[in-house]
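Asker: Based on what follows, work out the 3D shape:
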Amino acid sequence: MAGFAQYGITAQKLKAAQAKVTDLAAASALQKKRKGEAKSATEKRDHCLAELHDWLSDFRAVAKIALAEDPQPLEALSILQRSA
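Answerer: Residues are numbered from 1 along each chain as shown. Alright, predicted model coming up:
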């Protein structure tokens, strides 16, 4: 401590600086954790959207076959058929 005293650094200042470093390390770890959680949530969302897209494609194909003779319900489902 004698060496620090000549620069005006006291034990109290060292403890305060150490507390700030500890707080910064904790904040950095929390930020890293939240980034990981956000990435995981984004991947899960994208996977669910892909599954929904696949299901909807199948649904549209089945609806077109089932309602081929009456295109009015298809229009209600926003499935547009080309006119022959």
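Asker: Quick one: distance of stretch 9-18 to the chain centre.
Answerer: Chain-centre distance of stretch 9-18: 40 Å, with C-alpha atoms, centre = their mean, to the nearest Å.
Asker: right, I mislabeled it, should have said stretch 68-83
Answerer: Distance of stretch 68-83 from the chain centroid (C-alpha atoms, centre = their mean) equals 36 Å.
Asker: hmm, who's touching it?
Answerer: Contacts made with stretch 68-83 from outside it, assessed by C-beta atoms under 8 Å, 6 or more residues apart in numbering, are listed as 60, 63-64, 67. (C-beta placed from N, C-alpha, C; glycine too.)
Asker: Of these - the most surrounded one?
Answerer: residue 67 (17 neighbours; other C-beta atoms under 10 Å).
Asker: give the contact list for that one.
Answerer: Contact criterion C-beta under 8 Å, 6+ apart gives 73-74 as the residues in contact with residue 67.
Asker: try 10 Å this time
Answerer: Applying C-beta atoms under 10 Å, 6 or more residues apart in numbering to residue 67 gives the contacts 73-77, 79, 81.
Asker: coming back round to it: ok, so of the contacts of stretch 68-83, who is nearest residue 15?
Answerer: Nearest to residue 15 out of the contacts of stretch 68-83 is residue 60 (C-beta to C-beta; 66.9 Å).
Asker: residues contacting the closest one?
Answerer: If you count contacts by C-beta under 10 Å, 6+ apart, then residue 60 has 74, 77-79 around it.
Asker: Kindly indicate the member of those residues with the most neighbours.
Answerer: For the contacts of residue 60, neighbours were counted using other C-beta under 10 Å, and residue 74 has the most, 17 neighbours in all.
Asker: Sticking with that one, tell me its helix or strand.
Answerer: Using DSSP states H and E, residue 74 sits within helix 72-76.
Asker: returning to that earlier point: among the contacts of residue 67, which one has the lowest pLDDT?
Answerer: Among the contacts of residue 67, residue 81 carries the lowest pLDDT, at 70.
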